[in-house]
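**Student:** Provided below for reference: sequence and predicted model.
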There are 2 protein chains.
Amino acid sequence: MKQDKETAILKTAEEMVRQGGYNSFSFRSIASAVGIKSSSVHYHFATKEDLGVAVTKFYTDKFISALGSPKSLFENGKDPIVKYVSMFREALEEDKGMCMCGMLGAEADSLPESVVSEIRDFFRRNLLWLNEAYQVKGCNSSQAEAKALQAMAILEGAMIISNTHDDLAMFDLSTQLLVNS
Amino acid sequence: MKQDKETAILKTAEEMVRQGGYNSFSFRSIASAVGIKSSSVHYHFATKEDLGVAVTKFYTDKFISALGSPKSLFENGKDPIVKYVSMFREALEEDKGMCMCGMLGAEADSLPESVVSEIRDFFRRNLLWLNEAYQVKGCNSSQAEAKALQAMAILEGAMIISNTHDDLAMFDLSTQLLVNS
DNA sequence: GTCTATAATTTGATAGAC
DNA sequence: GTCTATCAAATTATAGAC
C-alpha cells in the first residue's frame, strides 16, 4: 500500500479527530505518531485549518468511494441500505471511534467556516447516495429524501450512543428499523 | 433567579461544551465570562475533570427535571414523546448548540472515565424516561425498550445534522417519525 | 522534505496575600 | 472566596540550516 507522508498524516489526523474531535489532535501528536517533527507537518499543511479541511475531504472521498453505487449494489442482489449501515458498524467495530463528520458536525459552532463547509459537503454527498438508494428500492422522490435524512440521523445518533457505552448491541438495536424494511 | 458563582460557572461551561466539546473550554475562558479569575474557578472545581463531572451532572439533572413524568403528561392529554422531541428542538432553537451529552458521548474515547460515567448516566436516565413514555402510550416492555433507544438515536443524530447546517427544518424532517405515531 | 531552534500564546494548576 | 503572581507544559506557527 502506498503510504507517503502526507497520507500518513491524514490517516493519523482522521483517527484522532474521530476519537476526540478537532481540538484533540496537535501538530506534535501527529508528527510523533508519523515519525517526523511538527515543523514537517507544517510543511505539508501550513495551518491547522488547512489540515482540518484536508482531512475532512480525505475522509469524505474515502467514505463515498467505498460505498459503490446504490444501483449496482441492488442489481447484485444487495440492499444498498444494509450496505450503508454496515459501513458505519464496521467503523465502530474497528474501534476507530465516531463518524468523523458526525463528530465535527457536533463541534461545528466552534470550527473554522472552511471546515464546516467540508462537513456539509460530506452530508450532502451521503444524503444524495441514500436518496438514490431509497429510489432504487422503490420510493418516490419525496419519500426518498425524507428517508435518507432519517437514516443519516439514526446512524449518527446510534454511533454516539454505541460509542459512549462501548456496546455494539446498542448500535444494532438503534438501527434495526433501517435493516428490516 | 438565584445565581451564585458556582452555578454561573456551570452554566458557562455547559454552553461552551455544547458548542465545541470538552476541549473547547478553559478555566480562563470561563473565568472571563463569569467575571472572576481562573484561580477562583479552581477554588470551586479543583481540576478540569472535576468540573467536567459537575457540569455533566448539572446538565442531566436540569434536563430530567424539566421533562416531568411521562404519565402525568399523558394524563394531561399531552404526548410525552412530542414533549421530549420539543425539548431537544428548543435547545437547538435557542442556539445553545448540541445536546451536551451527545457532544461528550462522541468524544468519549478521549475523556476521563469519571466524565464518561456521567454521560452514561444521562443516557440511562433518559432511556428510562422514554421507555416509560412508550409504555404509557401502549407499548409492551420489549417494544418500549427498542423504541426508546431508537428515539434517542434519531434525536442525537438530528441535532448533529441540524447543527451542522444551522437548519431547523432538517431537525423537523429527521424527527417527524417520532412525532407522527 | 526534514531538521533544530525558537517565538508568542494558552493551558491546567498552585502558593500565598487579603 | 477572590485576588496577584507564577509555573511547567503544550499549543500553533515561523526562520533558517542541511
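**Tutor:** Alright, I've got the coordinates. Since this is a predicted model, take the numbers as computed values, not measurements. Residues are numbered from 1 along each chain as shown, chains lettered A, B, ... in the order given.

**Student:** ranges for the helices of chain A?
**Tutor:** A:5-20, A:27-34, A:38-44, A:48-67, A:70-75, A:80-93, A:100-106, A:113-136, A:141-165, A:168-174, A:176-179 (DSSP state H).

**Student:** In the last one, which residues are buried?
**Tutor:** Put plainly, it is helix A:176-179. The neighbour-count check on helix A:176-179 (16 or more other Cβ atoms under 10 Å in any protein chain shown) flags A:176-178 as buried. Where you see a C-beta, it was placed from the backbone N, CA and C, and this is true even at glycine.

**Student:** Neighbours of the residue of chain A found nearest DNA strand D, how many?
**Tutor:** Closest approach between chain A and DNA strand D, counting by Cβ to the nearest atom of the strand: residue A:26, at 3.1 Å. Using other Cβ atoms under 10 Å in any protein chain shown, residue A:26 has 13 neighbouring residues.

**Student:** Please determine how far it is located from residue A:37.
**Tutor:** According to Cβ to Cβ, to the nearest Å, residue A:26 stands 13 Å off from residue A:37.

**Student:** can you pull the contacts of the residue of chain A closest to DNA strand D?
**Tutor:** The contact partners of residue A:26, taken as Cβ atoms under 8 Å, 6 or more residues apart in numbering or on different chains, are residue A:38.

**Student:** got the phi/psi numbers for it?
**Tutor:** Phi and psi for residue A:26, reported as degrees, to the nearest 10, are phi -130, psi 160.

**Student:** Only the buried residues of stretch A:29-46, if you could.
**Tutor:** In stretch A:29-46, counting by 16+ other Cβ under 10 Å, buried: A:30-31, A:33-34, A:36, A:41, A:44-45.

**Student:** Keep those residues, but drop any that are not near DNA strand C.
**Tutor:** A:31, A:36, A:44 (Cβ under 7 Å from any atom of the strand).

**Student:** any idea how far residue A:21 is from residue A:14?
**Tutor:** 12 Å.

**Student:** oh, I was asking about residue A:152
**Tutor:** Distance of residue A:152 to residue A:21, given as Cβ to Cβ: 20 Å.

**Student:** How about residue A:178?
**Tutor:** 26 Å.

**Student:** again, but for residue A:98
**Tutor:** 9 Å.

**Student:** which residues are common contacts for these two?
**Tutor:** Common neighbours of residue A:98 and residue A:21 (Cβ under 8 Å, 6+ apart) are residue B:106.

**Student:** low-scoring pLDDT stretches of chain A, where are they?
**Tutor:** Residue ranges of chain A with pLDDT under 70: A:1-2.

**Student:** mind running it again at 90?
**Tutor:** Along chain A, the parts satisfying pLDDT under 90 run over A:1-3, A:94-96, A:180-181.

**Student:** Kindly report the residues of it close to DNA strand C.
**Tutor:** Proximity of chain A to DNA strand C, by Cβ under 7 Å from any atom of the strand, involves residues A:5, A:31, A:35-40, A:43-44.
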